[in-house]
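Q: Here's my sequence, what's the structure:
(one chain, ligands or ions: 1)
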Amino acid sequence: MYHLLFLLLLVTHPLSIVADDKIGHTTLNNDIVAEHHHLGVHEHGRGSLNFAIEGDRISIELISSAADILGFEHKAQTRIQTLAVDNAKMKLKDISNIILLPSAASCKVDQSAVDLIYDHNALHSEFLAIYDITCEVPEKLVKIDISYFEIFEDAKKLTVNVVGSKLQKKIEANRGLTEIDLEGIS
Ligand SMILES: [Zn+2]
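A: I've put the predicted structure just below:
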């Protein structure tokens, strides 16, 4: 299934393949980060956000194609592209550029990390960002506001998976639907 989707993606982006392939030959030595996370099939325009609440702790994982975050997926070749990658990582590291949690919940980020992962041909790449958060008043976690679309203009959709102790749900967020209800989740 994944392979099929990947092929479809390649077929639907013939121009980008030609451009990426040229660069791919010179950049085959992949990053160490690939050891932690193997690039899955991604759809340009659609990212995924996994949000898990357990007591006063929240774990969040964001996966977005570099096309959505940077506008290109090949390895940075110029100083401007390198700066764009650094800037994107810096933005992603700040959870407020992804989601806003209710201030009444008094949440703080314990740690966050961002990786940019390339596939073995350097045709596609995606960002993986993780956040560990603790909230002083978890009962006030009644909703999430998605700020991601305001920050990343090429991002169009975000599949949000919310998992709590009582309920789990999946929401297809987009530029017109940016509020996720957390009532009854945990
Ligand atoms: Zn891609």
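
Q: was I right about V85 contacting A76?
A: Yes - judged on Cβ atoms under 8 Å, V85 makes contact with A76 at a distance of 5.1 Å. C-beta here means a position set from N, CA and C on the backbone, and glycine is covered the same way.

Q: ok, which stretches of the chain are strands?
A: Taking DSSP state E to define them, one finds strands in the chain at 46-54, 57-65, 99-100, 107-118, 125-135, 143-146, 157-163, 168-174, 179-181.

Q: what's the overlap in contacts for V85 and A76?
A: Overlap of the contact sets of V85 and A76 (by Cβ atoms under 8 Å, 6 or more residues apart in numbering) is empty.

Q: ok, how many other residues are close to A66?
A: When counting by other Cβ atoms under 10 Å, one arrives at 24 neighbours for A66.

Q: so what's it scoring on pLDDT?
A: Here the pLDDT value assigned to A66 is 97.

Q: In this structure, what helix or strand scores lowest on average pLDDT?
A: Least confident helix or strand, the chain: helix 14-24 with a mean of 35, by mean pLDDT, DSSP states H and E.

Q: Do you know the pLDDT at A34?
A: In this prediction, A34 carries a pLDDT score of 44.

Q: L10 now?
A: Looking at L10, its pLDDT stands at 39.

Q: now swap in T78 and tell me
A: 97.

Q: And for it, the neighbour number?
A: Residues near T78, counting by other Cβ under 10 Å: 8.

Q: and this protein, which of its residues are near the ion?
A: S65, E73, H124 (Cβ under 5 Å from the ion).

Q: burial count for the second one?
A: It refers to E73. Per other Cβ under 10 Å, the neighbour tally for E73 reads 25.

Q: right, and it touches V85 too?
A: No - the pair E73 / V85 is not scored as a contact, 11.0 Å apart, by Cβ under 8 Å.

Q: with the residues of the chain next to the ion in mind, which one is nearest to the ion?
A: Of all those, the ion sits closest to H124, with 3.3 Å by Cβ to the ion.

Q: what about the closest one, how many residues close to it?
A: Using other Cβ under 10 Å, the number of residues around H124 comes to 26.

Q: what does K169 give?
A: Neighbour tally, K169, other Cβ under 10 Å: 14.

Q: which residues touch the residue lying closest to it once chain neighbours are set aside?
A: In space, and not counting its chain neighbours, K169 is closest to V162: 5.4 Å by Cβ to Cβ, 6 or more residues apart in numbering. By Cβ under 8 Å, 6+ apart, V162 lies in contact with F51, A52, I53, Q168, K169, K170, I171, I180, L182, I185.

Q: So what pairs up with V162 in the strands?
A: For V162, the beta-bridge assignment (DSSP bridges) gives partners F51, K169.
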